[in-house]
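> Here's a sequence, model it:
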Amino acid sequence: MTLPARTAARPREPVVVLRHARGQAPLVTRVRSALLLSSLSGLRSRGLFDRYVALLPRKLHDPILGAVSGTWLDVELAAAHYRACDALGLSVQEQVAMGESVGEAVNGTFMRTLLHIARSAGVTPWVVLKHYTKLWERLFDGGDVEVDKLGPKEALVQMHGLPLFSIPYIRVAVRGMHQTGFSLFCTKCYMTDLGSTPTSHAYRAAWA
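Numbers count the residues shown, from 1 in each chain. Predicted coordinates for the structure are as follows:
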């Protein structure tokens, strides 16, 4: 993944370092069922569920629509789910909103715990970002993440080893998931897509 020149050239302060050699992150093989269940809930609440089911291959109806909480699902099932979401043709704003609702559902308890810690340490998104590896491991089996500080209120967030990034929908929805988490720690958060490969993606996060 090649970052924009102006971002790649800026001084960086590591906040979360890669656990594996660069380019050697193991591919994600499983995702938590909570991701898909909260996404399905969002589709229902927006009146999109029937259209989604029609786009989902029939042979995958049982394993996806019958998924239960607290389990791991094969990443290929997740890919089929997000390809169907992508085929809905939602606007960018709708995709971000879907991601925000998923973020609220899957990370709410963890984020509130961090907020409690932050009250004594200073409430800023850096509290979340310093725990980024733990957040990732709650949702994905495999992959790797890194976070660099670009400024007092600006970070470079990079995720590696997730095959789902080949699907346009997930790249936008994950932006919404981040914005939900950051919103507990700042007045306004701005997430900018910086680039991707089929298994990696980078965002610039800035907040006020």
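> Show me the residue at the heart of this protein, geometrically.
For the chain, the residue sitting closest to the mean C-alpha position, by C-alpha atoms, centre = their mean, is residue 174 at 3.4 Å.
> List the contacts of that residue.
When contacts are counted by C-beta atoms under 8 Å, 6 or more residues apart in numbering, residue 174 touches 99, 159, 201, 203. The C-beta positions use only the backbone N, C-alpha and C, and glycine is treated the same way.
> Name the member of those with the shortest distance to residue 13.
Nearest to residue 13, judged by C-beta to C-beta, of those is residue 203 at 17.0 Å.
> My reading is that that closest one lies in a helix. Confirm?
No. Residue 203 is assigned strand when assessed by DSSP: H, G, I helix; E, B strand; the rest coil, not a helix.
> Quickly list what it is bridged to.
residue 157, residue 193 (DSSP bridges).
> remind me which residues of the protein are low pLDDT?
Applying pLDDT under 70 to the chain flags residues 5-6, 8-9, 107-123.
> at 90 instead, please
Applying pLDDT under 90 to the chain picks out residues 1-12, 23, 100, 103-132, 134-135, 138, 177-191, 195, 207-208.
> And the helices in it?
With DSSP state H, the ranges of helices along the chain come out as 5-8, 33-45, 49-55, 61-65, 75-87, 92-121, 126-129, 132-139, 168-182.
> re earlier: in PyMOL, select just the buried ones from the contacts of residue 174.
In PyMOL, a selection of the buried entries from the contacts of residue 174 looks like this (16 or more other C-beta atoms under 10 Å):
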select buried, resi 99+159+201+203
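> closest to residue 184 among the contacts of residue 174?
residue 99 (15.5 Å).
> Surely the closest one and residue 169 touch.
No. With contact defined as C-beta atoms under 8 Å, residue 99 does not count as touching residue 169 (9.2 Å).
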